[in-house]
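Student: generate a structure from the sequence data that follows.
(2 chains, ligands or ions: 3)
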Amino acid sequence: MTINVAMTVNGKAASGKVEARTLLVQFLREHLGLTGTHVGCDTSQCGACVVHLDGKSIKSCTILAVQAEGGKVTTIEGLAESAEKLHPMQEAFRENHALQCGFCTPGMVMSAIDMVKRHNYQLDEATVRRELEGNLCRCTGYHNIVKAILAAAPAMKSAGV
Amino acid sequence: MYDFAYHRPKTMAEATAALKGKPEARPMSGGMTLIPTLKQRLAKPSDVVDLNGIKELAGIKVDGSGVTVGAMTRHADVASSADVKGAIPALADLAGHIGDPAVRNRGTMGGSVANNDPAADYPAAVLGLDATVTTTSRTIKADDFFKGLFETALEDGELITSITFPKAEKAGYMKFPNPASRYAMVGVFVAKTAGGVRVAVTGAGPCVFRVKAMEDALARNFSADAIKDIKVPADGLNSDIHGSAEYRAHLVTVMARRAVDQANK
Ligand SMILES: Cc1cc2nc3c(=O)[nH]c(=O)nc-3n(C[C@H](O)[C@H](O)[C@H](O)COP(=O)(O)OP(=O)(O)OC[C@H]3O[C@@H](n4cnc5c(N)ncnc54)[C@H](O)[C@@H]3O)c2cc1C
Ligand code: FES
Ligand code: FES
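Tutor: Ligands and ions are numbered 1, 2, ... in the order given. Here you go, the predicted model:
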């Protein structure tokens, strides 16, 4: 079954013809060419595919593209203000060496931003570790990711994002 | 994933009509179980009827006797609801420990209870609190709802619309999560209800079950010590790469004691 979908992706209107079974992550990567969102598993467990739908973190591998109809999607490509100015969370990941191969990073950053906002910019280490339960990293051992998120929380607050 | 016809009804009447006469059609709520199943081609529905557009299905209502949660209410909304935290804190706490934040932002109570995964958390609360499941055609008491491995009293095309949890004098839930998925290796819900003490165990067997010996002991003395020597037999419990039946049987007593301590806090 083919269906027309229309949504807002990173502030811009996006539309296309998809099959009913097309996943949101396939629509983002294959139709829109936004390959920053990764697919790391087929069991909905790794979190590499996390994007925001209407402000909430979701696994884009576990929702149909048609279900995002009319919604506002933000992907990793939509965060930085410009090529020179990264989002404070991206900057904190860079500063704290919070990535090695980088495969998990887009999902980590999207989950982390949602986490900081849900906790009103106030996080402690135990909370960050618990909140990262849905994001797997095979390289870093998480330590620097936790450090980066703790550093980004006040930076996001002062930047007003 | 095999392709299917997609429907997005706006009302329950439309949803029921879309499912009617189609034995291979499946409703979809959060999709957190159904979509992975479809991706692995373990199911091949002719039609997927998406319940996300039905406003009447989401929401939480509290009155003096308890809490009614609409089938489409997301785990994150149950976990953060001030009403649920006030009326039945153990239920909010349980919801906050399902999966991870992204799973909780999509997964729903109705989908979880309808699915009756042997390791799911909500079935323990439904059975432990003596809740009532309301469907498109009737109401079903918890003791009659869960029938076996992934099996419930629901008929083809029958949808859960809400679940009503009576307030308990005391309630607590403790699970030993699988470290990868967060599903319960063993989870125990203990409640002191108007109708007596109830102990419901998930994760350990093919389907959520009650432990009468613990209920009787706790009715006499609602303390962790009262059940410390009560063991469930390992016979018939789940055994897999995550743990043997004997290990799970042992965990039932450990989690039950912790749940009682939690309820007494
Ligand atoms: C990584 C991961 C970790 C998880 N961890 C946990 C955990 O720790 N504990 C836990 O309990 N669960 C866990 N889950 C499962 C999660 O809670 C799901 O939300 C739940 O299993 C199904 O709910 P859903 O709304 O997503 O249902 P769906 O996937 O949409 O549907 C599930 C089934 O129920 C049927 N159905 C849906 N809605 C209705 C309805 N209203 N009436 C009748 N039938 C209906 C569907 O046809 C389908 O067969 C996890 C899932 C994932 C992906
Ligand atoms: S790709 Fe692994 S959770 Fe989505
Ligand atoms: S940096 Fe390699 S998986 Fe996380």
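
Student: quick one: list the elements packing against the longest helix seen in chain A.
Tutor: For chain A, the helix that runs over the most residues, judged by DSSP state H, is helix A:143-159. If you count contacts as 3 or more C-beta pairs under 8 Å, 6 or more residues apart in numbering or on different chains; DSSP states H and E, helix A:143-159 packs onto helix A:88-95, helix A:105-118, helix A:125-131. The C-beta positions use only the backbone N, C-alpha and C, and glycine is treated the same way.

Student: and of those helices, who's closest to residue A:54?
Tutor: Closest approach to residue A:54 among the helices and strands packed on helix A:143-159 is made by helix A:105-118 (11.5 Å; C-beta to C-beta).

Student: same for the closest one, what does it pack against?
Tutor: Partner elements for helix A:105-118 (3+ C-beta pairs under 8 Å, 6+ apart): strand A:50-53, strand A:56-59, helix A:88-95, helix A:125-131, helix A:143-159, helix B:101-106.

Student: can you lay out the ones you listed as TSV showing mean neighbour count?
Tutor: As requested, the helices and strands packed on helix A:105-118 are exported to TSV (neighbours: other C-beta atoms under 10 Å in any protein chain shown):
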stretch	mean neighbour count
strand A:50-53	26
strand A:56-59	26
helix A:88-95	21
helix A:125-131	15
helix A:143-159	19
helix B:101-106	26
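
Student: domain parsing for the chain?
Tutor: Using chain A. Domain assignment for chain A by automatic domain parsing gives A:2-78, A:88-159.

Student: not quite, I wanted chain B
Tutor: Taken from automatic domain parsing, chain B resolves into B:1-54, B:170-264.

Student: thinking again about what came up before, out of the helices and strands packed on helix A:143-159, which comes closest to residue A:33?
Tutor: Taking those one by one with C-beta to C-beta, helix A:105-118 is closest: 14.7 Å.

Student: is the closest one up against ligand 1 anywhere?
Tutor: No: judged by C-beta under 6 Å from any ligand atom, helix A:105-118 makes no contact with ligand 1; its nearest approach is 12.8 Å.

Student: for chain B, what spans make up the strands?
Tutor: Under the criterion DSSP state E, chain B contains strands at B:5-7, B:25-28, B:47-50, B:60-63, B:66-70, B:132-135, B:139-141, B:146-148, B:151-152, B:160-166, B:170-177, B:184-193, B:196-202, B:209-210.

Student: go through those strands and name the closest to residue B:15.
Tutor: For the strands of chain B, proximity to residue B:15 was assessed by C-beta to C-beta; strand B:47-50 is nearest, at 5.6 Å.

Student: format the domains of chain A as a markdown table; extra columns: distance to residue B:48 and mean pLDDT.
Tutor: Formatted as a markdown table, these follow (distance: least, C-beta to C-beta, whole Å; pLDDT from 0 to 100):
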| stretch | distance to residue B:48 | mean pLDDT |
| --- | --- | --- |
| domain A:2-78 | 7 | 97 |
| domain A:88-159 | 24 | 97 |
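
Student: right, and those domains - which one's nearest residue B:162?
Tutor: Closest approach to residue B:162 among those is made by domain A:2-78 (22.1 Å; C-beta to C-beta).

Student: is any residue of the closest one near ligand 3?
Tutor: No: using C-beta under 6 Å from any ligand atom, domain A:2-78 never reaches ligand 3; the gap is at least 7.8 Å.

Student: how many other residues sit next to the residue in chain A positioned nearest to chain B?
Tutor: Here chain A gets closest to chain B at one residue, residue A:134, 2.6 Å apart by C-beta to the nearest C-beta. Residues lying near residue A:134 (other C-beta atoms under 10 Å in any protein chain shown) number 23.

Student: that one against residue B:106, yeah?
Tutor: No: the criterion here is C-beta atoms under 8 Å, and residue A:134 misses it with residue B:106 at 11.3 Å.

Student: returning to what we had before: now, of the domains of chain B, which is deepest in the fold?
Tutor: Mean neighbour count (mean count of other C-beta atoms under 10 Å in any protein chain shown) peaks for domain B:170-264 among the domains of chain B, with a mean of 20.

Student: check whether that one contacts ligand 2.
Tutor: No: using C-beta under 6 Å from any ligand atom, domain B:170-264 stays clear of ligand 2, coming no nearer than 11.3 Å.

Student: isn't residue B:43 right up against residue B:24?
Tutor: No: counting by C-beta under 8 Å, residue B:43 sits too far from residue B:24 to count as a contact (9.1 Å).

Student: please consider this matter closed, and thank you.
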